[in-house]
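Trainee: return atomic coordinates for the entry below.
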Amino acid sequence: MIAPARLAALDALRQIDDERLDMGEAVERVRKPLSDERDRALLLEIVSGTLRMRAALDHQLTLRLTRPLARLDGVVRDILRMSAFQLIYLTRTPSSAVINDAVNLTRRGGKTSATGLVNAVLRALNRERQRLVWPERPREASGLAAMTRYFGIVHSHPEWLIERWLRRYGVGDTERWLAFNNQSPAVCLAPNRTLASREAVAEELAADGVETQPTVHASYGLHVSSGPALATRAFREGRCLVQDEASQLIGELVSAQRGERVLDLCASPGGKTVLLAADVGTTGLVVTCDVRRHRLRVLTETLARARIARARIVQVPVAGSLPFAEGCFDRVLVDAPCSGLGTVRRDPDIRWRVTAADLPALAATQVLLLQRAAAVVRPGGALVYSTCSSEPDENEQVVAAFLATFPAFTQARVHQTLPFREGLEAFFGSVLTRRA
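Mentor: Residues are numbered from 1 along each chain as shown. Purely as a prediction, here's the structure:
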């Protein structure tokens, strides 16, 4: 019998490849039949690890194949990758179980003719896994291309992105960034300050066996050190939400004040709305928006669980003017849809799904969003633009393009977190003030 976690992991990888689902959605789909939390944990570890280390896995598999990996059937390729990940990186897992399940998964997928290949490649890898051959590290004087190729395999990132980072940050900081992205991220919580303080949430979690530490940079967050935080009453009843520390800092960047009217334009899933609602208090108002109905449903569920009363949910059109009066908001947050390249540690599928060719269209959409939002900012108010992208195309260049056409705004502050500097995901923020 094939281990349930491996069966589910292959199904998730196929959905990511065939249906272009993101990792989170694919894992959520396949995890429901798994009743054992250990199986659910192994499922996530296999899927995220296989995606995270794909280039390194492909290098090792290619050394043991007699044909190009790209020419193999997609199902066979995914089975080889996920099995190689377990053999190389999950050494506590019995190798015989990994290989046997791989052969049975190949047969189950209707690829009986490939069972011999799968068995032979994985057994060869298993015999040699204590003495794997990796490319030799080039000298820095060897040039950009050589270091890019080396990092691309050993740290398993797309070469186009590595080259950009090397040009901007150099070898040392780039390598630290790549290593950061290959670490499994810990859970970070944002206390819902409308219901409880950080200290109160930490005490409640501790009583339920969950150890936490205050975040270093965000004012209110909690890093989970150990324990099942998402199984606690505090989480179920909305006294805390899952939100990365870098994301929490964007909510703080808005600097919403008591009694203000704030627009959260691209709000789903709602973590920043919860933070903003606490800032404006009972005398203020947060209007929280998104475009698609399914995202509005997620947003509605988040605010209901967090018991946020001073928020109004509005579906906005994809294009054209926003359905609000001119100058009616003190602050507007545009947390724009973006490539997500700053979050590839948590969402490793992004590194293989997004290419440099995607950035111009994303940037054009981001500029349009800022232009649409500008009209509803009051004179003297603030328009805050943010992304979870690492790339200037979506960050500084978008802000510059907006300011070139909207001279009534000036940039008051630039905010950015970088993995090699703050130890956080790469988020960007810009505070643009409208002249009074």
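Trainee: the strands in the stretch 201-350 of the chain, which residues?
Mentor: Ranges of strands in the stretch 201-350 of the chain, per DSSP state E, counting those that start in this stretch, are 211-214, 222-226, 240-242, 261-264, 285-290, 311-315, 329-335.
Trainee: possible to save these as JSON lines with distance to residue 430, mean neighbour count and mean pLDDT?
Mentor: Glycine gets a C-beta too; all of them are placed from N, C-alpha and C. Below are those laid out as JSON lines (distance: least, CB to CB, whole Å; neighbours: other CB atoms under 10 Å; pLDDT from 0 to 100):
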{"stretch": "strand 211-214", "distance to residue 430": "27", "mean neighbour count": "16", "mean pLDDT": "98"}
{"stretch": "strand 222-226", "distance to residue 430": "27", "mean neighbour count": "16", "mean pLDDT": "97"}
{"stretch": "strand 240-242", "distance to residue 430": "25", "mean neighbour count": "22", "mean pLDDT": "97"}
{"stretch": "strand 261-264", "distance to residue 430": "16", "mean neighbour count": "26", "mean pLDDT": "98"}
{"stretch": "strand 285-290", "distance to residue 430": "20", "mean neighbour count": "24", "mean pLDDT": "97"}
{"stretch": "strand 311-315", "distance to residue 430": "24", "mean neighbour count": "16", "mean pLDDT": "95"}
{"stretch": "strand 329-335", "distance to residue 430": "10", "mean neighbour count": "26", "mean pLDDT": "98"}
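Trainee: just so I know, which of those strands lies nearest residue 124?
Mentor: strand 222-226 (38.2 Å; CB to CB).
Trainee: following element in sequence after the lengthiest strand in the chain, please.
Mentor: Using DSSP state E to define each element, the chain has its longest strand at strand 377-387. For strand 377-387, the following helix or strand on the C-terminal side (DSSP states H and E) is helix 396-405.
Trainee: which of the residues in that next one are buried?
Mentor: 398-399, 401-403 (16 or more other CB atoms under 10 Å).
Trainee: and which of those is nearest to residue 343?
Mentor: Using CB to CB, the buried residues of helix 396-405 come closest to residue 343 at residue 398, 17.7 Å.
Trainee: that closest one contacts residue 369, correct?
Mentor: No: using CB atoms under 8 Å as the test, residue 398 is too far from residue 369 to be in contact (9.1 Å).
Trainee: what sits in contact with each of the two?
Mentor: Common contacts of residue 398 and residue 369 (CB atoms under 8 Å, 6 or more residues apart in numbering): residue 336.
Trainee: pull the longest helix from the chain.
Mentor: In the chain, assigned by DSSP state H, the helix with the most residues is helix 159-181.
Trainee: next secondary structure after it?
Mentor: Toward the C-terminus from helix 159-181 - assigned by DSSP H and E - lies strand 188-191.
Trainee: before we move on, the earlier item: compare the strands of the stretch 201-350 of the chain and give me the one nearest residue 183.
Mentor: Here strand 222-226 is closest among those (CB to CB), at 13.4 Å.
Trainee: domains of the protein?
Mentor: Per automatic domain parsing, the domain ranges recorded for the chain read 4-127, 140-181, 188-242, 245-434.
Trainee: any idea of the mean pLDDT in the first one?
Mentor: The average pLDDT for domain 4-127 rounds to 95.
Trainee: and it, end to end?
Mentor: This stretch, domain 4-127, spans 26 Å end to end (CA to CA, to the nearest Å).
Trainee: one step back: reformat the domains of the chain as a markdown table; add distance to residue 134.
Mentor: Output for the domains of the chain, formatted as a markdown table (distance: least, CB to CB, whole Å):
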| stretch | distance to residue 134 |
| --- | --- |
| domain 4-127 | 7 |
| domain 140-181 | 6 |
| domain 188-242 | 32 |
| domain 245-434 | 19 |
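Trainee: ok, residue 16 - contacts?
Mentor: Contacts of residue 16 by CB under 8 Å, 6+ apart are 22-23, 26, 47, 51, 349.
Trainee: repeat the analysis, applying 10 Å as the threshold.
Mentor: 22-23, 25-27, 47, 50-51, 78, 349, 352-353 (CB atoms under 10 Å, 6 or more residues apart in numbering).
Trainee: need the buried ones from the residues you listed selected in PyMOL.
Mentor: A single PyMOL command selects the buried members of the contacts of residue 16 (16+ other CB under 10 Å):
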select buried, resi 23+26+27+47+50+51+78+349+352+353
